[in-house]
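Trainee: structure, please.
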Amino acid sequence: MKLTLVRKAILLIGIPFALQISIFFWFGHLLETASQAARREYDAKLFYVHSNYATAVVAIQTLSGLGYLLTHDPKCLEEYANFAKGTSKEFKTLNDLLKDEPDQLARLQRIEKLVDESRDLLGISTDKTRTYKDLSIEKLKQTLREAIKIRHEIMLGEYGDLRPTRADLPNERESQRQMIVSTLAFVSVVIFVLTLVFVRSLLTRLTIIHSNTKALATNTPLKPPVKGNDEISDVDSSFHEMANLLIESSRKERALVDNATSVLASLDKHQQFIKVSHVAKKSWGYTESELVGKNISTLFENWTPEDTARLNELIASGENQTFDRTLVRPEERESIVRIDIHWASSEEQFFCVATDVTKEKELEQMKQQLLDTVAHDLRSPMTSIRTTLQLVRTGAMGEIPDAVNKRLERVEDQTNRLIRLINDLLDFERLEAGSITLFLQPESADKIVLSSIEAVSDSAEQAAVRLEYKMVAFKVNGDCDRLIQVLVNLISNAIKFSPAETAVTIRVSQVLQARDGSAVRFEVSDSGPGVPEEFQKKIFERFKMIEGSKAHKKSGSGLGLAICKQIVDLHGGEIGVLNNENGSGCTFWFTIPQ
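Mentor: Below is the predicted model of the structure:
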């Protein structure tokens, strides 16, 4: 059976309680015995008083009878009669006192019979003329003597039982007192021993658990599990399991930190290193001991007082900061390090992850050079080719056959598509790099929509698609040219995927935006194939187009919607797409704060 703490507590309380109950019943027995002895002594004393009185009454009655026999004095006869009644009354009282003692009662009844015999010997009750000479004195004396003897036997029976009791009473009381004291002492010792064993066992095992918690905190070996099968042993067993899991997790975490390519470090509020991962030697060229205690500003050549102030501000704000700085390495080789740093108020430390982004920066530089090359060496010639084609097709260089004109028209379309692709690619890269600056100012929503419609009106006319818009009086705080670029892209897509003789509807409304309060919402609805629900979020990623659909056959760079999202994000707005409730087409929308 599992001896739990509750069961131990029950035993600790139950055993002394059982002993106390036993002592209580023993005390009750002693009190009952003493009460019986006192009652018996009282009855004996009462019997002694009444028996003496009865003896005196019998004696006076006998003397009154003898006096009457000698003198025939009526007064003696009257006294004789009165004392005869008193004798009967006393014998009745004595009978009540001895009713629970058959042997003594039999003796008393014998005395009563002898008294009756003495009355008969006097004969006064039956013959008032009797004289003293007619009386047998010897027989009367013998009768009374026998009655007195029996009374003496009764008194010995009553007081004889009490004499040993009274003689032993002081010793018995002392014995009882010693027994009571011994019993109370025994119970106290039992309670003390049980409490001591229970508390000592409890404290010993709790001390082991407390020591184990300290050992776990200081990363020292734990003591063996405590013995027992109660809740404390269960807690200690669970603690050992948890400790083993924590140790294993810590070992894996340490292995992860030691094998990470980024340097993990902690700094105090003075921005001095407290702890640094081992990878610092490989990544930075410094050992952990060389970095501990050193201020972070001494490691980077372009660290400014503003950077120090920014870190101090983190203590109050609790936000994260990320910035790139050039590391001063021992071998005088420069590395660009991206530092992600956070202040933990609970630990009162900075925690930072420092990643070497030298290669990434070199790749970004190479990419920028490539973009510059594309912009200069590819877009410029393509623009010249398009201009030349337009001149040839307009007849500026002489008449050309219709077949050649149609061929040149297709070449011009492909050239325009290639130029748009180059422009989209350059715009996207500039937006992603954050090198585009917005010129924000209050602009009329009507102006933005009407300018966009004008830009795509030729395309809509060629596709036989109507453009519908209802004027509003809203203003937005944005870059007009960039917002027109977004809207032109969305309307162009709607025209491209709408069937002929249908309408593309542009709507503008005022809405509440969770982040910035009120905003203006632009919507472009078409009657095209729509966008599958599972693709509605992916469609704003670069080079994402719906696979295996009719829409995929339409020409496009796959960057238009990604550029739209970048521009809307720069304005602090949101963008999305929903399929129309009537099941025909979809609605692209975006919001711009007012």
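
Trainee: show me where the chain has helices.
Mentor: 5-71, 74-97, 102-122, 137-217, 231-259, 279-283, 288-291, 305-317, 358-373, 380-393, 402-433, 445-462, 480-497, 560-570 (DSSP state H).

Trainee: redo those as TSV? Include distance to residue 505.
Mentor: Glycine gets a C-beta too; all of them are placed from N, C-alpha and C. As requested, the helices of the chain are exported to TSV (distance: least, C-beta to C-beta, whole Å):
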stretch	distance to residue 505
helix 5-71	75
helix 74-97	124
helix 102-122	126
helix 137-217	67
helix 231-259	55
helix 279-283	57
helix 288-291	63
helix 305-317	46
helix 358-373	37
helix 380-393	33
helix 402-433	25
helix 445-462	11
helix 480-497	9
helix 560-570	18
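
Trainee: so which of these is nearest residue 272?
Mentor: Taking C-beta to C-beta, helix 288-291 is the member of those nearest to residue 272, at 9.4 Å.

Trainee: got the buried residues for the closest one?
Mentor: residue 291 (16 or more other C-beta atoms under 10 Å).

Trainee: hmm, who's touching that helix?
Mentor: With contacts defined as C-beta atoms under 8 Å, 6 or more residues apart in numbering, helix 288-291 is touched by 265, 273, 275, 276, 277, 278, 280, 281, 284, 299.

Trainee: of all the helices of the chain, which lies closest to residue 536?
Mentor: Residue 536 sits nearest to helix 560-570 of all the helices of the chain, at 11.0 Å, using C-beta to C-beta.

Trainee: now stretch 315-322: mean pLDDT?
Mentor: For stretch 315-322, mean pLDDT is 79.

Trainee: between the two ends of it, how far is it?
Mentor: End-to-end distance for stretch 315-322, by C-alpha to C-alpha, to the nearest Å: 15 Å.

Trainee: equivalent analysis for stretch 560-579, please.
Mentor: End-to-end distance (C-alpha to C-alpha), stretch 560-579: 19 Å.

Trainee: numbering from 18 from now on, please.
Mentor: Will do, 18 is the new start, and the previous item becomes stretch 577-596.

Trainee: next, the buried residues of that stretch.
Mentor: 577-585, 587-592, 594, 596.

Trainee: how about the contacts made by the residue lying closest to residue 37 once chain neighbours are set aside?
Mentor: Leaving aside its chain neighbours, residue 37 sits nearest to residue 204 (6.6 Å; criterion: C-beta to C-beta, 6 or more residues apart in numbering). Applying C-beta under 8 Å, 6+ apart, we find residue 204 in contact with 33, 36, 37, 40.

Trainee: could you dump those residues to a markdown table with neighbour count?
Mentor: Below are the contacts of residue 204 laid out as a markdown table (neighbours: other C-beta atoms under 10 Å):
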| residue | neighbour count |
| --- | --- |
| 33 | 17 |
| 36 | 17 |
| 37 | 14 |
| 40 | 16 |
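
Trainee: pLDDT of stretch 547-556, averaged?
Mentor: Mean pLDDT, stretch 547-556: 84.

Trainee: how close does the closest residue in space to residue 410 that isn't next to it in sequence sit to residue 417?
Mentor: Spatial nearest neighbour of residue 410, excluding adjacent residues (C-beta to C-beta, 6+ apart): residue 425 at 5.3 Å. Using C-beta to C-beta, to the nearest Å, residue 425 is found at 7 Å from residue 417.

Trainee: any idea which of the contacts of helix 305-308 is closest to residue 108?
Mentor: The closest of the contacts of helix 305-308, once distances to residue 108 are taken by C-beta to C-beta, is residue 292, at 111.9 Å.

Trainee: if the residue nearest to the closest one when sequence neighbours are not counted is in a bridge, with which residues?
Mentor: The shortest distance from residue 292 to any non-neighbouring residue, by C-beta to C-beta, 6+ apart, is to residue 283 (4.9 Å). Under the criterion DSSP bridges, residue 283 forms beta bridges with residue 292, residue 368.

Trainee: neighbours of residue 283, how many?
Mentor: 15 (other C-beta atoms under 10 Å).

Trainee: on the pLDDT front, check it for me.
Mentor: 88.

Trainee: now residue 469
Mentor: 92.

Trainee: and for it, nearest residue in space, chain neighbours not counted?
Mentor: Closest to residue 469 by C-beta to C-beta, 6+ apart is residue 504, at 3.9 Å.

Trainee: I'd say the one you found and residue 466 touch.
Mentor: Yes - proximity of residue 504 to residue 466 meets the contact threshold set by C-beta atoms under 8 Å, at 6.6 Å.

Trainee: now do the shared contacts for the two.
Mentor: Counting by C-beta under 8 Å, 6+ apart, the residues touching both residue 504 and residue 466 are 523, 539.

Trainee: so for residue 425 and residue 417, which residue has more residues nearby?
Mentor: Comparing residue 425 with residue 417 by neighbour count (other C-beta under 10 Å), the higher total belongs to residue 425, at 17 against 14.

Trainee: what sits against that one?
Mentor: So residue 425 contacts 406, 409, 410, 417 (C-beta under 8 Å, 6+ apart).

Trainee: PyMOL command to pick out the buried ones of those?
Mentor: A single PyMOL command selects the buried members of these (16+ other C-beta under 10 Å):
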select buried, resi 406+409+410
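
Trainee: now do the contacts for the closest residue to residue 287 other than its chain neighbours.
Mentor: Leaving out its chain neighbours, the residue that sits closest to residue 287 by C-beta to C-beta, 6+ apart is residue 312, at 7.3 Å. By C-beta under 8 Å, 6+ apart, the residues touching residue 312 are 287, 288, 289.

Trainee: so what's the residue count around the last one?
Mentor: It stands for residue 289. Residue 289, neighbours per other C-beta under 10 Å, totals 16.

Trainee: ok so, going back, who's the residue nearest to residue 287 bridged to?
Mentor: residue 289.

Trainee: from residue 431, how far out is it?
Mentor: 60 Å.

Trainee: so residue 316 makes contact with residue 345?
Mentor: Yes - at 6.1 Å, residue 316 and residue 345 qualify as touching, with contact defined as C-beta under 8 Å.

Trainee: if we can go back for a sec, shared neighbours of residue 425 and residue 417, anything?
Mentor: 409, 410.

Trainee: before we move on, the earlier item: from the contacts of residue 204, which is closest to residue 367?
Mentor: For those, the nearest to residue 367 is residue 33 (60.3 Å; C-beta to C-beta).

Trainee: give me every residue that touches the closest one.
Mentor: Residue 33 touches 204, 207, 208, 211, counting by C-beta under 8 Å, 6+ apart.

Trainee: repeat that for residue 200.
Mentor: 40, 43.

Trainee: for residue 592, same thing?
Mentor: 557, 581, 582, 585, 586, 605, 606, 607, 608.

Trainee: identify the residue nearest it in space, chain neighbours excluded?
Mentor: residue 607 (4.0 Å).

Trainee: so what pairs up with that neighbour in the strands?
Mentor: Here residue 607, judged by DSSP bridges, has bridge partners residue 539, residue 592.

Trainee: I'd guessed it sits against residue 502; true?
Mentor: No - counting by C-beta under 8 Å, residue 607 does not reach residue 502; the two are 11.9 Å apart.

Trainee: comparing those two, which shows the higher neighbour count?
Mentor: residue 607 (25 against 17).

Trainee: what number of residues lie near residue 42?
Mentor: 10.

Trainee: per-residue confidence at the residue lying closest to residue 163 once chain neighbours are set aside?
Mentor: Counting by C-beta to C-beta, 6+ apart, residue 131 is the residue found nearest to residue 163 once chain neighbours are left out, at 5.7 Å. The confidence metric pLDDT takes the value 81 at residue 131.
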